[in-house]
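okay, here's the prediction I keep looking at, along with the sequence it came from:
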Amino acid sequence: MKVSPALAEIRFGCGLSPDLTPKGSTEDILHRLAGPDHMAAAHPIADFDSLWLLAGAYTELRRQRRKTRGTEAYEDVNEQYKIMRREARFDRTRWFGQLILRHSQTEDGFRERLALFWGDHFTAQGKTGLVKLMGAPYVETAIRPYVSGTFADLLISAVTHPMMLDYLDQNRSIGPNSQLAQNSNRSRGLNENLAREVMELHTLGVDGPYTQQDVRQLAELFTGLSFKHKTGFRFNAKMAEPGSETVLAKDYGDDPAQLGQIHAVLGDLAVHPATADHIARKLVVHFVSDQPDPALVDHIAGRFRDTGGDLAQVYAALLEHPVAWVPGLQNVKPPFDFVASACRALAIQPAHVNRANPRKLAKRLIRPLDLMGQPWEHSIGPDGWPEEDSSWVTPQGLAARMRWAMLAPRQLIKVLPPPDIFVETSLGEFADGSVQFAARAAETQAEAIGLVLSSPAFQRR
């Protein structure tokens, strides 16, 4: 099927760039996705596992800080604590810069978009200490390596990750008849958070074919999923509910409990027909339109069911359907996508980002997202960011976008491109007469660039 290279880059990639040639076919998009992850190597983000020990050391240092308050040792401990906290915040800002560079430099934009999509689908946020700043490493470790594998592998990786277990309080969930519960004098309870979100958000969908009893049984099966601050994930059999649990009319569980049975239920949920429908609809809403065409959803869901959730085949089903290529730009870009695609259109260079002072980088790229309505890595709940255009088309959000578009380009690159050329390189075939006129009529070069970035055409994909 013949596709528009410009539409492919905007709708399924990171936007147009003056330095990179748009893809000419769906086969090329899928071929690049199947190949090496060049951007992860070129613009690295720390692996979550490598930071876990550092997070534990930070927690211990904070404990010592409280313990030594009022003593001679406090000043030294407090200084170490402040240095570690400052460096961690700078690291988080640098990771954001690496994400921007990936979006700006990649010829594999579909991979970057999928990493964002699945990171949002499996939203997890740290709750204490340095883990609160480790959202990017979580996606790097638990999500990104699995975006073109099977959905079952992706689901297991995300659901059993320490970040997810911490976020949904799974590490505090105790089986009512577990060894730990029987030997404890304290009241310890079962927590259904993870089980509910796995069914409602991650697999079957909010209207899926499950009951409250299924949620509770899955929650009992999940007991034992935990982590240690020194070693990371662990399955704690002493916390686990022994015996059999019934989820969607199928029995799981052992006595003693074992991690393999949790993997088994996740594997079954991953290939359930309702999961296929749920994931298919989310993909269409995200990439094509927040008013999804049922024919496209059904086509993708059918491929999901036929292949057992082979994500590469699911994406092929998305890209091969004519509805996915309906002319015109549809969805409003969320704030991060807007900023990242603007940096790509401006051809922001790695040296400029990598040498930037972290405080200035945060001021120019991260803090504006707050005003636009999408604070980085801080979605309101486990359902992630909304997809509806109305969530982003607000007076405050649009004003913040326009303000950033008018000011940021001069701070991000040394020499602004000629307005007439920038219109063509940033919008391609979507550069209509009104945008071209506005760029020509602007009083300054900076204003012209800002008007192009603020235009309805650039705001959509």
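Yep, that arrived.

what secondary structure does the residue of the chain positioned farthest from its centre sit in?
The outermost residue of the chain, judged against the average C-alpha position, is Glu72 (44.4 Å), by CA atoms, centre = their mean. Classification of Glu72 using DSSP: H, G, I helix; E, B strand; the rest coil returns coil.

A strand includes Phe233, no?
Yes - Phe233 sits within a strand when classified using three-state DSSP.

what residues are up against it?
With contact set as CB atoms under 8 Å, 6 or more residues apart in numbering, Phe233 has these partners: 160-162, 165, 226-227. Glycine gets a C-beta too; all of them are placed from N, C-alpha and C.

highest neighbour count among these?
Counting neighbours by other CB atoms under 10 Å, Pro162 leads these with 29 neighbours.

name the residues of whatever helix or strand Leu33 lives in that are buried.
In the assignment (DSSP states H and E), Leu33 maps to helix 26-34. Neighbour-count burial for helix 26-34 flags 26, 28-30, 32-33 (criterion: 16 or more other CB atoms under 10 Å).

quick check: closest non-adjacent residue to Thr123.
Gly384 (4.3 Å; CB to CB, 6 or more residues apart in numbering).

wasn't that neighbour part of a strand?
No - using three-state DSSP, the assignment for Gly384 is coil, not a strand.

what about Leu16, which SS state?
Assigned with three-state DSSP, Leu16 falls in the coil class.

pLDDT weak spots in the protein?
185-188 (pLDDT under 70).

how close does the residue most central in space within it sit to Gly243?
For the chain, the residue nearest the mean C-alpha position is Gly119 (2.5 Å; CA atoms, centre = their mean). Gly119 is 35 Å from Gly243, where distance means CB to CB, to the nearest Å.

gap between the two ends of stretch 279-297?
Stretch 279-297 stretches 9 Å from its first residue to its last (CA to CA, to the nearest Å).

flag every buried residue along it.
Applying 16+ other CB under 10 Å to stretch 279-297 flags 279-290, 292-293, 296-297 as buried.

can you check stretch 250-270 too?
252-253, 257, 261-270.

can you give the contact residues for it?
150-152, 155-156, 159-160, 175, 198-199, 203-204, 218, 221-225, 235, 237, 240-248, 275, 309.

hmm, 7 Å instead?
Here stretch 250-270 makes contact (CB atoms under 7 Å, 6 or more residues apart in numbering) with 151-152, 155-156, 159, 198, 203-204, 218, 221-222, 224-225, 235, 237, 240-245, 247, 275, 309.

which of the buried residues of stretch 279-297 lies closest to Asp108?
Nearest to Asp108 among the buried residues of stretch 279-297: Phe287, at 15.5 Å, using CB to CB.

next, the contact list for that closest one, please.
11-12, 318.

distance of it relative to Phe437?
31 Å.

for Arg440, give me its contacts.
Shown in contact with Arg440 (CB under 7 Å, 6+ apart): 419-420.

wait, I meant Ile449
409, 416, 419, 422.

could you redo the last one with a cut-off of 8 Å?
Residues near Ile449 by CB under 8 Å, 6+ apart: 346, 405, 409, 416-417, 419, 422.

now Lys2: how far from Asp290?
Distance from Lys2 to Asp290, by CB to CB: 26 Å.

what do you get for Asn357?
38 Å.

got it, and Pro209?
25 Å.

repeat that for Ala136.
26 Å.

again, but for Phe48
31 Å.

could you do Val206 as well?
With CB to CB as the criterion, Val206 and Asp290 are 16 Å apart.
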